[in-house]
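Visitor: predicted model and sequence below, questions to follow.
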Amino acid sequence: MSNIFRYISKIFRIFSIYGFFQGIIILIKFLIPNDKKISLPNIKYPFLIRNIPTDKGIFHQIFIELEYDIPLDLSSNPTIIDAGSNIGLFSVYIKNKFPNSNIICIEPDQDNFNLLNQNTKDYSNISYENSGLWNSKTKIKVYDKYNTGKSGLIVEEDDINGNIEAVSVDFLIEKYNLKKIDLIKIDIETSEIQLFKKNYQNWIPKCKYIIIELHDRIEVGCSTSFFNAIHECLPNYKFEVRGENIIIENLDF
């Protein structure tokens with residue numbers, strides 16, 4: 001019974017955000033078992049999602065639950081890092097909210113990366129790294145360790161058998177000549193343990209906003225690693241929880 005109520009609640013939320021007719025179109029597309037090209041009001045270009053639960057879940061998180069509809073005080077041409085870009089829906093959302101933004105997308109999985117490129121190709125000032133995000137430049141392997149699908153792929157360091165490059169935030173700062181990072185969004189499926197284990201002291205103070213999904217439900221230690229680094233680097237910050245995300249605002253930025 002509770003599942004029925006949740007489903008009805010989702011339907012009413014779609015109607016409340018997009019109106020009855022646009023809501024019906026969205027619902028019909030999600031009932032048809034194939035890949036879906038989605039067009040939404042206030043989103044400049046249509047985008048594609050696959051007929052898999054993870055893509056549907058990310059769509060719901062971003063465009064129905066509006067978990068990233070956060071008041072952000074960004075500069076006129078903000079620099080944004082989208083770490084764990086998946087198929088690019090966060091970048092699509094944020095690019096329409098901040099059209100002058102410069103976005104660096106990081107996604108290690110090749111299938112996700114290909115669709116990320118397709119979904120964002122019509123937008124300007126988006127750069128792509130087919131890599132994982134780590135605390136140093138290294139080799140990694142990517143696999144579905146916990147059988148969670150394409151949105152839950154785990155990255156592990158493997159200097160010998162790793163077939164994908166991993167990059168650090170410091171590497172990105174040097175490569176793209178970044179003086180500051182207005183916003184970094186991090187959804188990297190437990191790799192935050194390693195990201196905030198070392199080599200974070202330089203880049204964290206350069207960030208105004210950090211939006212992160214922590215994954216202690218998968219591997220204990222994600223929150224500990226993250227908050228130890230935040231407490232060390234940011235004497236003054238504001239903390240907020242929005243859906244699955246934790247939002248840190250650096251008040252000394």
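Guide: Noted; the coordinates are in hand. Residues are numbered from 1 along each chain as shown.

Visitor: measure Ile25 to Ile247 for me?
Guide: Note on Ile25: its distance to Ile247, by C-beta to C-beta, to the nearest Å, is 32 Å. Bear in mind the C-beta positions are built from the backbone N, C-alpha and C, glycine included.

Visitor: looking at these two, which one has more neighbours?
Guide: Ile247 (19 against 16; other C-beta atoms under 10 Å).

Visitor: hang on, that one in a strand?
Guide: Yes: under DSSP: H, G, I helix; E, B strand; the rest coil, Ile247 sits within a strand.

Visitor: name the nearest residue to it, sequence neighbours excluded.
Guide: By the measure of C-beta to C-beta, 6 or more residues apart in numbering, the closest residue to Ile247 outside its immediate chain neighbours is Glu240, 4.3 Å from it.

Visitor: centre of the chain versus the helix or strand harbouring the one you found, how much separation?
Guide: Secondary structure here is read from DSSP states H and E; on that basis Glu240 sits in strand 237-242. Once both centres are worked out by C-alpha atoms, centre = their mean, to the nearest Å, strand 237-242 turns out to sit 17 Å from its chain's centre.

Visitor: what's the answer for stretch 20-29, then?
Guide: For stretch 20-29, the separation from the chain centroid amounts to 25 Å (computed by C-alpha atoms, centre = their mean).

Visitor: show me what counts as buried in that stretch.
Guide: Neighbour-count burial for stretch 20-29, with 16 or more other C-beta atoms under 10 Å as criterion, is recorded at Gly23, Ile25, Ile26, Lys29.

Visitor: which helix is the longest one in this structure?
Guide: Taking DSSP state H as the criterion, the chain has its longest helix at helix 2-18.

Visitor: relative orientation of the helix or strand that it is followed by and helix 2-18 in degrees?
Guide: As assigned by DSSP H and E, the chain's next helix or strand after helix 2-18 is helix 20-31. Here the directions of helix 20-31 and helix 2-18 differ by 130 degrees (axes from the mean of the first three to the mean of the last three C-alpha atoms, to 10 degrees).

Visitor: can you list contacts of helix 20-31?
Guide: Ile11, Ile14, Phe15, Ile17, Tyr18, Lys36, Ile38, Leu40, Pro41, Lys56 (C-beta atoms under 8 Å, 6 or more residues apart in numbering).

Visitor: most neighbours among those residues, which one is it?
Guide: Counting by other C-beta under 10 Å, Ile14 has the largest number of neighbours within the contacts of helix 20-31, with 21 neighbours.

Visitor: leaving out chain neighbours, which residue sits closest to that residue?
Guide: Nearest-residue entry for Ile14: Gly23, 4.4 Å, with adjacent residues in sequence omitted and distances by C-beta to C-beta, 6+ apart.

Visitor: do Leu48 as well
Guide: Here the residue nearest Leu48, using C-beta to C-beta, 6+ apart, is Lys37, at 5.4 Å.

Visitor: Gln194: which of the contacts of helix 20-31 is nearest?
Guide: Within the set of the contacts of helix 20-31, Lys56 lies nearest Gln194; the separation is 28.9 Å, counting by C-beta to C-beta.

Visitor: checking Leu183 next. Helix, strand or coil?
Guide: Three-state secondary structure (criterion: three-state DSSP) places Leu183 in strand.
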